[in-house]
Structures are given as C-alpha cells and as structure tokens.
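> coords below, sequence missing:
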C-alpha cells in the first residue's frame, strides 16, 4: 500500500494516494504495536506520514500537511537516537538525510503558508541534518546533491525576505553550494538533471548579485557567472550532438535561457529557448499523458513567449504560441497552465482571454472529469476566471461552481472568484457566502499574497463588506497583475499560477 501510494502521488493521482496511504498507516500502526522491537516498521510508518504530508501540500491543505510532516519528523528523530545504539545493524547517514528531506518539505509548506520564520527554522534544520549525512559519507553524490538543493532553497528564502540586511550570510550560503557543486559537475559530466539544477543555482545567484549595493563587486561576479553560462552553453551543445537521447537536455537548455535573460542577454536567451523547445516537444509528443513533461514544456514556452513580447516581437511571439499549443494539444495540464497564464499574465496588456478560454475548454475536453489529476479543480477554475475577465459572468458562475465541487475544490481561488462572479450578477447573498469561505480558508491555510489581496479588496468592495482575512498583504494598493522583479525571474512563470 505504501509503494502504491507513492506511485499514485508521483502520477498526481492525489485522491487515490491519500486514501491508500491512510490505509497503509493503519496497517503500519498495527505492526508497530505488535512488533515494537522492529524499528524498520516504525521508520516505514514515518515515511508514509511524510508522503501523506506531500499529498496534503499538493492539495493546498497546508495545515494538514504541517501536521503530517511534524508527526513524521518527530518519529524519525526519536528513531535515529535508537538506531545509533545499534551501530552494528544500522548506518544512520541515510536516515539523517531522510530527516533533512522532511525538514525541507516542511520548510516549503511553511513558505507557502507565508510563515517565513518557521520556514527559515526548518531550512536550518534541513541543512544541519544533511550536513551530518554528508560528513559521514563525504563521497556520496546523492548527499551532495540534496545538500545543494537545501542550500539553494534557503538562500532563495532569505533573498525574498531580507536580501539587503543579510547579504553576507546569503553570499556564504552560495559559496558553500558552489564549493560542493563544482566538483560534482566534473564527476558527473553527462547528468542532465544535475546540469539543470546547477544552472538554476547560477540563476538564483545572478538574481542575488543584482541586489548587491556594491555595484563594482556585483559587476565582477556577474561577469564570472556569464563566463560559466557560456561554458555550459558550449558543453550542452556538444552533449546534445553526441547523445542518443538529446531531448533529455531540454530542461537544462530552458534553465540556461532563464540565466541569459537575468544576465540581460536577451538575444542569447531567445536563441537558447528556441533550442530547448524542439527538445521538449519530443518528450511531450511521445507521452502527452506525462504530467511533468507537459508542465515543464509549458513553463519554458511561457518564459520564451513573454521574453519575445517584452522585446516587442509580437509576430514571433504569436508564432511561438501556436507552436506550443500544437505541441501540447493532447496535454491537459500543459494547456491549462498556458490558459491560466494568458488570463493572468505578468503584464495586463499581454492578456488574451479568447485564446485562454479556448485552451481551457480543450483541457477539459481531454479530461472531462479530471479526477486523476491532483490539480483537477484548477481546470474549471482557469475557465471560470477567464470567463469572468471576459465579462461572461453567468458562465463564470457555472464553471467556478464546478471547480468547488471537484476533489480539493475547497480552496481560496475557487471561493473568491465565485464570490466576485456572483457579485457581478447581483447575487449578493451567495456572493458573501463564498467570500466568507475564502476568508476562512485563507485564515486557516495561507495568508493572501499581494495579487490575491487585491482580489479580496475587489470582492469586498463589490459585496460592500469590511470582512478581510486576518493576515495578508493588505497594507497598500498593488497593481492588478504582479510584476516579477529581476531577482525573482526564476520563478516568474510558476508565480503566475500560485493555485498550484
């Protein structure tokens, strides 16, 4: 049951994953009671609790996710103390890394709940445990890779909060990450995933350097980053030419393009994106039902699309949009992400509502019930929000009602958008009921970010209520569509779909 639950989770079948993992926990709790000396049973129970936390997090049930992560961490830490008393039977470094993984997962959950102090504490714990694992097995490539991942996540968190106040601390984190990553790259010269992760690290670092008040120092370091980027570009070109599966480097090319963009090299970025797209298209065409591949392609496509629009190349952007739609025509998740981004773009003038509605309908046509997808409710949410912006309010009410009725449809975006649609057709009673549900969800799970806070203000004014979530970005008015800063560019595309 535990293994099958993991399969369901990795294929985004979250409802089924939660059910079977819950069954697995019941069975494992019985085994732990019957065989208290078998620590492996209890460790497996802690692993299943952690996976159930993942499922709740994906469903945006952050309070439940936190509870399961806390249970798993508490159990694993206690077990580690017992395992260390049996050195002849156990090597605890694998288990130390597992605890680090749990803390990192909990840090991400706290960050999504906008509890940044708790997220920072969990990242520090994740680093402590992963450093412990690496000290015990310094040659382990896996432990080095997982430590780099935790360091990057921690640095990104600090950048988003206090990049100017804690500049030296963030710089030290990046130094540690590169000290580990550079030798690892040399040991694994043909690892596509490692290349992509390393380029992401470089991209985050470049964004951090742009915030450095010492412009001369930042300029020197950015020149070094550009040198590394071009070296990687040449290396990727060589590996792609020699590889029997060149498509596996598509994600690395996409990340390199983002790096070029943040380095203010738009021509190089565009050229690299054009290289990445056909490689990614191969994977999407061969397996359109693969959610991860369709989603990855849509992310890199949107990065190229908005880069072209930013440069005023409208005809080329339209051509790329059609190319992406053709490639993703049988991928409901990819089409849904593009549809949402066209309804809620980074700049208001980039909004394309007719195309958004068409693609959202196509995604639902491919998966009318969409129950096999963990983000199923976002299919109807995308269509409903696009219809709302198109001022087809009756249709928006119908679509958003369907979204609420879907598995995990009890989320703020469905309730709030439905409240706004009801308000537009004059149904204040139902509108306020949905608005109150949105407020309650926000207070329980995650404070409103700036964009969502603006939607709350819009709905509250429409429904003539003073009710607001207890926490969130309500201090000042914000632009209708969030503008992503250069240092946050690596998450620019993902940030446009905070529902996921």
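That came through, no problem. Keep in mind it's a predicted model, so treat the numbers as computed, not measured.

> okay, and the helix or strand of this structure with the least pLDDT?
Sorted by mean pLDDT, DSSP states H and E, the helices and strands of the chain end with helix 492-495, the least confident at a mean of 42.

> Low-confidence bits of this structure, can you list those?
86-93, 162-164, 189, 283, 285-293, 368-375, 471-500 (pLDDT under 70).

> does residue 395 really touch residue 389, like I thought?
No - the pair residue 395 / residue 389 is not scored as a contact, 11.6 Å apart, by C-beta atoms under 8 Å. Bear in mind the C-beta positions are built from the backbone N, C-alpha and C, glycine included.

> how close does residue 146 sit to residue 459?
Using C-beta to C-beta, to the nearest Å, we find residue 146 at a distance of 42 Å from residue 459.

> So between the two, which is more surrounded?
residue 459 (26 against 21; other C-beta atoms under 10 Å).

> The more buried one - that's part of a helix, no?
Yes - under DSSP: H, G, I helix; E, B strand; the rest coil, residue 459 falls within a helix.

> what sits against it?
Residue 459 makes contact with 416, 419-420, 423, 431, 435, 438, according to C-beta atoms under 8 Å, 6 or more residues apart in numbering.

> go on, residue 94?
Taking C-beta under 8 Å, 6+ apart, one finds residue 133 in contact with residue 94.

> any idea how far the strand or helix carrying it is from the chain center?
Element membership for residue 94 (DSSP states H and E) is helix 93-112. In terms of C-alpha atoms, centre = their mean, to the nearest Å, the centre of helix 93-112 is found 16 Å from the chain centre.

> How about stretch 446-460?
Offset of stretch 446-460 from its chain centre (C-alpha atoms, centre = their mean): 20 Å.

> Same check on stretch 247-254?
Using C-alpha atoms, centre = their mean, the offset of stretch 247-254 from its chain centre is 18 Å.

> what do you get for stretch 42-55?
21 Å.

> contact partners of that stretch?
Residues contacting stretch 42-55 (C-beta under 8 Å, 6+ apart): 2, 5-6, 9, 14, 17-18, 21-22, 24-25, 28-29, 31-32, 64-69, 71-72, 75-76, 79, 95, 98, 101-102, 105-106, 109, 374.

> can you check stretch 348-361 too?
306, 309, 321, 325, 335-336, 338-340, 342-345, 379, 382-383, 386-387, 389-390, 480-481.

> From the contact counts, what lies against the one helix or strand residue 184 maps to?
Residue 184 belongs to helix 167-187 when assigned by DSSP H and E. If you count contacts as 3 or more C-beta pairs under 8 Å, 6 or more residues apart in numbering; DSSP states H and E, helix 167-187 packs onto helix 141-162, helix 192-209.

> Just send those helices back as CSV, with distance to residue 259 too.
Listed next are the helices and strands packed on helix 167-187 as CSV, based on distance: least, C-beta to C-beta, whole Å:
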stretch, distance to residue 259
helix 141-162, 14
helix 192-209, 5
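
> Could you check how far residue 144 is from residue 404?
45 Å.

> now do residue 322
33 Å.

> quick one, which of the two is more surrounded?
Neighbour totals were compared for residue 322 and residue 404, and residue 404 leads with 19 against 11 (other C-beta under 10 Å).

> Would you confirm that that one contacts residue 415?
Yes - using C-beta under 8 Å, residue 404 is in contact with residue 415, at 6.9 Å.

> Return the subset of the contacts of stretch 42-55 lying in helices.
Among the contacts of stretch 42-55, the residues falling in helices (DSSP state H) are 2, 5-6, 9, 14, 17-18, 21-22, 24-25, 28-29, 31-32, 64-69, 71-72, 75-76, 79, 95, 98, 101-102, 105-106, 109.

> that older thread, filter the contacts of stretch 42-55 to the buried ones?
Listed as buried from these are 2, 5-6, 9, 14, 17-18, 21, 24-25, 28, 32, 64-66, 68-69, 71-72, 75-76, 79, 95, 98, 101-102, 105-106, 109, 374; burial here means 16 or more other C-beta atoms under 10 Å.

> tell me which strands and helices the helix or strand just after the helix holding residue 94 is in contact with?
Helices and strands here follow DSSP H and E; after helix 93-112, the next one along the chain is helix 116-136. Other helices and strands packing on helix 116-136, by 3+ C-beta pairs under 8 Å, 6+ apart, are helix 93-112, helix 141-162.

> Pull out the buried residues from helix 116-136.
116, 118-120, 122-123, 125-127, 129-134.

> now the helices for the stretch 301-450 of the chain?
Per DSSP state H, counting those that start in this stretch, the stretch 301-450 of the chain carries helices over the ranges 314-327, 332-343, 353-366, 376-389, 393-405, 412-424, 428-445, 450-463.

> looking at those helices, which is closest to residue 168?
Comparison of those against residue 168 by C-beta to C-beta identifies helix 450-463 as nearest, at 28.3 Å.

> In the closest one, which residues are buried?
Buried-residue list, helix 450-463, by 16+ other C-beta under 10 Å: 451-456, 459-460, 462-463.

> And for stretch 205-217?
So stretch 205-217, judged by 16+ other C-beta under 10 Å, has buried residues 205-210, 212.

> Now flag whichever of these is closest to residue 218.
residue 212 (3.8 Å).

> For the closest one, which non-adjacent residue is spatially closest?
Nearest residue to residue 212, sequence neighbours excluded (C-beta to C-beta, 6 or more residues apart in numbering): residue 218, at 3.8 Å.

> Wait, a helix at the one you found?
Yes - counting by three-state DSSP, one finds residue 218 located in a helix.

> Against residue 306, how distant is it?
25 Å.

> out of these two, which sits in the more crowded spot?
Taking other C-beta under 10 Å, residue 218 and residue 306 do not tie; residue 306 has more neighbours (21 against 16).

> I figured that one hits residue 345, correct?
Yes - judged on C-beta under 8 Å, residue 306 makes contact with residue 345 at a distance of 7.3 Å.

> okay, now residue 49: neighbour count?
24.

> Which of the helices or strands spans it?
helix 39-58.

> Enumerate the positions of that helix that are buried.
So helix 39-58, judged by 16+ other C-beta under 10 Å, has buried residues 39, 41-58.

> can you check stretch 420-433 too?
Buried-residue list, stretch 420-433, by 16+ other C-beta under 10 Å: 420-424, 427-428, 430-432.

> Centre of the chain to it, how far?
The answer for stretch 420-433 is 32 Å, by C-alpha atoms, centre = their mean.

> Repeat that for stretch 269-287.
That offset, for stretch 269-287, works out to 20 Å (C-alpha atoms, centre = their mean).

> Now tell me what touches that stretch from outside.
Contacts of stretch 269-287 (C-beta under 8 Å, 6+ apart): 233, 240, 246-247, 249-251, 253-254, 256-258, 260-261, 290, 293-294, 296-297, 300-301, 303-304, 307-308, 311, 320, 323-324, 327-328, 331, 334.

> The same query, at a cut-off of 7 Å, please.
233, 246-247, 249-250, 253-254, 256-257, 260-261, 293-294, 296-297, 300-301, 303-304, 307-308, 327-328, 331, 334 (C-beta atoms under 7 Å, 6 or more residues apart in numbering).

> Find the nearest non-adjacent residue to residue 140, please.
residue 134 (6.8 Å).

> again with residue 456
That would be residue 448: by C-beta to C-beta, 6+ apart, it lies 5.9 Å from residue 456.
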